[in-house]
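Enquirer: Okay, structure incoming, though there's no sequence with it:
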């Protein structure tokens with residue numbers, strides 16, 4: 001194996017230690033020139049294994065790299081949730097998505113699409129900021145207050161994805177309190193316009209969010225009234241899932 005290929009693999013391995021790395025940090029950690037560190041990161045970026053964070057100065061793993069997660073927790077969660085994802089899709093006849101937190105983003109790792117018009121995102125989509133969309137807020141809302149505060153500080157200024165994206169910290173805090181009191185998150189076309197979504201947390205030990213399940217469809221078909229009528233049945237399915245998911249270890253505190 002040549003030195004360049006080995007360096008790329010060494011850079012990829014750094015992400016098992018912390019989520020964000022910049023060129024200078026990689027150069028210092030591996031004892032190589034900044035130009036060599038940039039070339040390795042750029043190779044991973046071009047191949048889709050890392051993405052730039054919102055600052056554009058640092059890199060983090062993309063959804064493509066989830067298959068390299070050493071402990072396999074994300075994949076185990078996907079296996080656990082698959083039957084319930086199917087049940088929710090059959091219940092609503094709409095699309096169902098499973099997503100997890102990766103760095104400061106919500107990343108879809110599984111989905112079952114409804115027939116007809118497709119909405120939302122898939123495992124091939126780009127990561128979504130943790131304040132945008134119901135799936136993101138179902139995850140962010142069940143983190144601890146200090147974690148939420150760190151996210152808001154680290155992601156500032158919050159990215160506006162659509163005209164209705166919540167980007168004011170005080171409004172985001174109010175929404176998080178609402179998500180916690182309801183036990184789920186609603187969409188406001190704040191990530192995907194023309195679609196309506198409901199998102200519910202998948203909770204591990206100590207009620208830490210392992211993942212989120214999102215159900216959604218076009219606003220003309222999956223209306224607010226239809227979505228609201230489905231909530232009791234969705235809650236029942238999610239309650240059964242969460243009985244099993246709470247056997248998973250608690251998600252570590254996220255530093256962002």
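Expert: In hand now; what should we look at? Quick caveat: nothing in here was measured; it's all calculated off a predicted structure.

Enquirer: Now do the longest helix belonging to the chain, average pLDDT.
Expert: Taking residue count as the measure and DSSP state H as the definition, the longest helix of the chain comes out as helix 224-245. Averaged over helix 224-245, pLDDT sits at 96.

Enquirer: How about stretch 186-205?
Expert: Across stretch 186-205, pLDDT averages out at 94.

Enquirer: Quick check: closest non-adjacent residue to the residue minimising distance to the centre of the chain.
Expert: The central residue of the chain, meaning the one whose C-alpha is nearest the mean C-alpha position (C-alpha atoms, centre = their mean), is residue 106 at 1.6 Å. Distance criterion C-beta to C-beta, 6 or more residues apart in numbering; nearest residue to residue 106, sequence neighbours excluded, is residue 136 at 4.0 Å. No exception for glycine: its C-beta is placed from N, CA and C like everyone else's.

Enquirer: just checking, that neighbour touches residue 142?
Expert: No: applying C-beta atoms under 8 Å as the test, residue 136 and residue 142 come out as separate, 11.6 Å apart.

Enquirer: For the helix or strand harbouring residue 154, report the contacting residues that lie outside it.
Expert: Taking DSSP states H and E as the definition, residue 154 sits inside helix 145-155. Residues outside helix 145-155 that contact it (C-beta atoms under 8 Å, 6 or more residues apart in numbering) are 54, 104, 129-131, 140-141, 143, 158, 169, 172-173, 176, 253-256.

Enquirer: tell me the domain ranges of the protein?
Expert: Structural domains annotated on the chain: 3-61, 70-245, as defined by automatic domain parsing.

Enquirer: now do the same end-to-end measure for the first one.
Expert: When you say that, I think you mean domain 3-61. With C-alpha to C-alpha, to the nearest Å as the measure, the ends of domain 3-61 fall 22 Å from one another.

Enquirer: can you give me how far that domain is from the chain middle?
Expert: Between the mean C-alpha point of domain 3-61 and the mean C-alpha point of its chain there is a distance of 21 Å (C-alpha atoms, centre = their mean, to the nearest Å).

Enquirer: Can you give me every residue that contacts residue 256?
Expert: For residue 256, the residues meeting the contact criterion (C-beta under 8 Å, 6+ apart) are 103-104, 147, 150-151, 153-155.

Enquirer: swap in residue 221?
Expert: Residue 221 makes contact with 94, 116-117, according to C-beta under 8 Å, 6+ apart.
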